[in-house]
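> predicted coordinates and the sequence they were generated for:
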Amino acid sequence: MRIPRPADRLATRLFAAQALIVAVGALTLFLVAVAVAPGLLHNHVSHMMGAMSGPMSQDLEQALAATLSLSLMLAVGAALLASLALSWLLTRRLTAPVTQMAAVAGRIAGGDYTARVPASRLGTEFAALDGAFNQMATTLEHTERRRREMLADLAHELRTPIATVDSFLEGIEDEVIPAGPDTWRTLREQTGRLRRLIDDIDSVSRAEERRLDLRRQTMRLDDAIDDALRAVAVVFADKGVILDHRRHPTPVAVRADPDRLREVLDNLLSNALRHTPSGGTVTVSTTGRPHDAEVTVADTGEGITAEHLDHVFERFYRADPSRSRRGGGSGIGLTIARALAQAHGGSLHAASDGDGCGATFTLTMPTVRQPVDSYPMDPPDDGQSRTG
């Protein structure tokens with residue numbers, strides 16, 4: 001990195017600019033005083049004493065010029081020194097936070113994401129700059145921490161299927177494990193697990209970076225929910241979990257990619273089923289408002305404690321790692337769901353009253369105004385359908 005010359009520094013340029021302003025002002029004051037003062041003195045003396053002789057008038061003007069020059073030089077010199085001293089102090093005060101911010105930025109660029117700039121106390125503008133810079137540093141720190149955690153979790157997730165595949169291949173080579181249908185099925189399951197994990201990571205990365213190719217179309221929200229519920233009805237029934245759909249009284253239209261919206265709903269339902277014991281209930285409700293609609297997926301299962309609630313959408317996050325792995329969750333489904341919701345201009349939030357109190361996930365989607373007749377209408381019902 002090039003070392004800046006003294007003339008390139010902000011403090012030097014600020015001080016030079018202020019010194020130039022002071023010098024120009026002092027010179028202007030001196031020139032105006034010299035040009036105007038003799039004429040004014042001559043007029044005042046003539047008015048008070050009448051006409052003076054030429055030698056007397058000349059002597060008076062010379063005395064005035066000498067006195068005025070000495071006084072102005074002393075005054076301008078004192079003012080110039082005082083102004084330059086004040087300018088120097090002000091320049092140091094203004095450039096110190098900038099210099100400090102540059103130093104902190106260098107530390108962050110070097111990998112020290114804990115570095116922060118102290119408050120400069122130079123007014124609202126600098127306070128806003130300090131706050132924005134520290135917020136950026138905090139975001140970078142969190143991002144870096146999540147990146148490291150994600151790499152560690154990803155390595156852990158990959159280790160199990162790779163170890164399984166490796167042990168089976170070694171067993172086949174040593175003729176300890178027969179190369180029969182069960183062996184190949186196990187190998188396919190493990191490679192499928194690896195493929196799903198890779199696809200999930202790619203999906204969430206593309207969604208978070210807004211690189212998804214969304215094929216939006218206008219659709220009724222409850223129709224998408226009905227499709228998702230029909231697909232999971234059997235697994236809910238097998239586990240003994242009641243699945244309840246509370247439709248909105250009137251059709252709610254959204255503009256979304258049907259496949260991506262279905263992926264959001266599948267992840268929410270899968271998460272609810274995983275954490276709801278037999279005999280519990282998962283309720284899916286639709287609420288329409290003037291500009292958006294809400295889909296809530298509420299379960300009566302394990303619930304989420306306050307310490308974990310803010311982290312449920314983070315990649316590979318598990319409140320109980322062992323239980324989630326036994327349940328088959330990859331730890332990334334909710335991350336994908338939220339990223340897809342945001343890609344549609346919506347949001348996804350979680351709420352829970354604590355351990356054992358169930359959890360509620362709320363998907364918010366922008367609505368569109370379309371005539372009801374433009375949609376295929378389902379047979380009228382009482383607003384609720386139940387499966388389970």
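Received the coordinates, thanks.
> for the chain, which helix is longest?
The residue-count maximum for a helix in the chain (DSSP state H) belongs to helix 54-109.
> show me what that helix is packed against.
Helix 54-109 sits against helix 10-49, helix 124-173, with contacts defined as 3 or more C-beta pairs under 8 Å, 6 or more residues apart in numbering; DSSP states H and E. Glycine gets a C-beta too; all of them are placed from N, C-alpha and C.
> and residue 63, what pLDDT?
pLDDT, residue 63: 68.
> would you say residue 111 is within a strand?
No: counting by DSSP: H, G, I helix; E, B strand; the rest coil, one finds residue 111 to be coil, located in no strand.
> any idea of the pLDDT on it?
pLDDT, residue 111: 82.
> can you list phi and psi of it for me?
phi 110, psi 0 (degrees, to the nearest 10).
> if I look at it, how far off is residue 147?
12 Å (C-beta to C-beta, to the nearest Å).
> which of the three states applies to residue 286?
strand.
> quick check: beta-bridge partners of it?
Note on residue 286: beta-bridge partners by DSSP bridges are residue 295.
> how close does it sit to residue 128?
In this view, residue 286 and residue 128 are 41 Å apart by C-beta to C-beta.
> which one's more surrounded, those two?
The neighbour count for residue 286 versus residue 128, taken as other C-beta atoms under 10 Å, is higher for residue 286 (21 against 10).
> please, which helix or strand holds the residue nearest to residue 268 when sequence neighbours are not counted?
Distance criterion C-beta to C-beta, 6 or more residues apart in numbering; nearest residue to residue 268, sequence neighbours excluded, is residue 297 at 4.4 Å. Assessed by DSSP states H and E, residue 297 sits inside strand 292-299.
> and what of residue 233?
helix 221-239.
> how far away from the center of its chain is that helix?
34 Å (C-alpha atoms, centre = their mean, to the nearest Å).
> cool, stretch 297-312 as well?
With C-alpha atoms, centre = their mean, you get 23 Å for stretch 297-312.
> cool, stretch 101-113 as well?
On C-alpha atoms, centre = their mean, the centre of stretch 101-113 falls 19 Å from that of its chain.
> using CSV, write down the CA coordinates of it.
Taking Å, rounded to 0.1, in the frame of the first residue of the first chain, the C-alpha atoms of stretch 101-113 are listed here in CSV:
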residue,chain,number,x,y,z
MET,A,101,-12.1,4.9,11.2
ALA,A,102,-9.6,4.1,8.5
ALA,A,103,-7.4,2.3,11.1
VAL,A,104,-10.4,0.2,12.3
ALA,A,105,-11.4,-0.5,8.7
GLY,A,106,-7.9,-1.8,8.1
ARG,A,107,-8.2,-4.1,11.2
ILE,A,108,-11.5,-5.4,9.9
ALA,A,109,-10.0,-6.0,6.4
GLY,A,110,-7.2,-8.0,8.2
GLY,A,111,-9.8,-10.3,9.9
ASP,A,112,-10.4,-8.6,13.2
TYR,A,113,-14.2,-8.4,13.1
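> please identify which of residue 111 and residue 147 sits among more neighbours.
More crowded of residue 111 and residue 147, by other C-beta under 10 Å: residue 147, with 11 against 8.
> roughly how far does the residue lying closest to residue 334 once chain neighbours are set aside sit from residue 145?
Excluding the flanking residues, the one nearest residue 334 by C-beta to C-beta, 6+ apart is residue 313, at 5.2 Å. The spacing between residue 313 and residue 145, counted by C-beta to C-beta, is 15 Å.
> give me the more crowded residue out of these two.
residue 313 (19 against 11).
> ok, residue 113 - contacts?
137, 140-141, 144 (C-beta atoms under 8 Å, 6 or more residues apart in numbering).
> go on, residue 301?
By C-beta under 8 Å, 6+ apart, the contact list for residue 301 reads 272, 275-277, 280, 358-359.
> again, 10 Å this time
Shown in contact with residue 301 (C-beta atoms under 10 Å, 6 or more residues apart in numbering): 241, 271-277, 280-282, 352, 356-359.
> again with residue 139
Applying C-beta under 10 Å, 6+ apart, the residues near residue 139 are residue 113.
> related to what we said a few turns ago, which one of the contacts of residue 113 is nearest residue 19?
Distance to residue 19 across the contacts of residue 113 (C-beta to C-beta) is lowest for residue 137, with 35.5 Å.
> count of residues packed around that closest one?
Residue 137 has 20 neighbours, counted by other C-beta under 10 Å.
> so residue 129 makes contact with residue 100?
No: in this structure residue 129 lies outside contact range of residue 100 using C-beta atoms under 10 Å: 11.6 Å.
> what sits in contact with each of the two?
The contact lists of residue 129 and residue 100 share 117, 120, where a contact means C-beta under 10 Å, 6+ apart.
> may I see the buried residues of stretch 225-242?
Buried positions in stretch 225-242, judged by neighbour count with 16 or more other C-beta atoms under 10 Å: 225-226, 228-229, 232, 236, 241-242.
> for residue 217, give me its contacts.
254-258.
> quick one, phi/psi of residue 351?
Dihedral angles (degrees, to the nearest 10) for residue 351: phi -150, psi 150.
> partner residues bridging it?
residue 360.
> isn't it right next to residue 299, touching?
No: if you go by C-beta under 10 Å, residue 351 and residue 299 don't touch, sitting 11.7 Å apart.
> more neighbours, the two?
The neighbour count for residue 351 versus residue 299, taken as other C-beta under 10 Å, is higher for residue 299 (25 against 13).
> and the more buried one, what does it touch?
Shown in contact with residue 299 (C-beta under 10 Å, 6+ apart): 241, 268-269, 271-277, 280-283, 352, 358-361.
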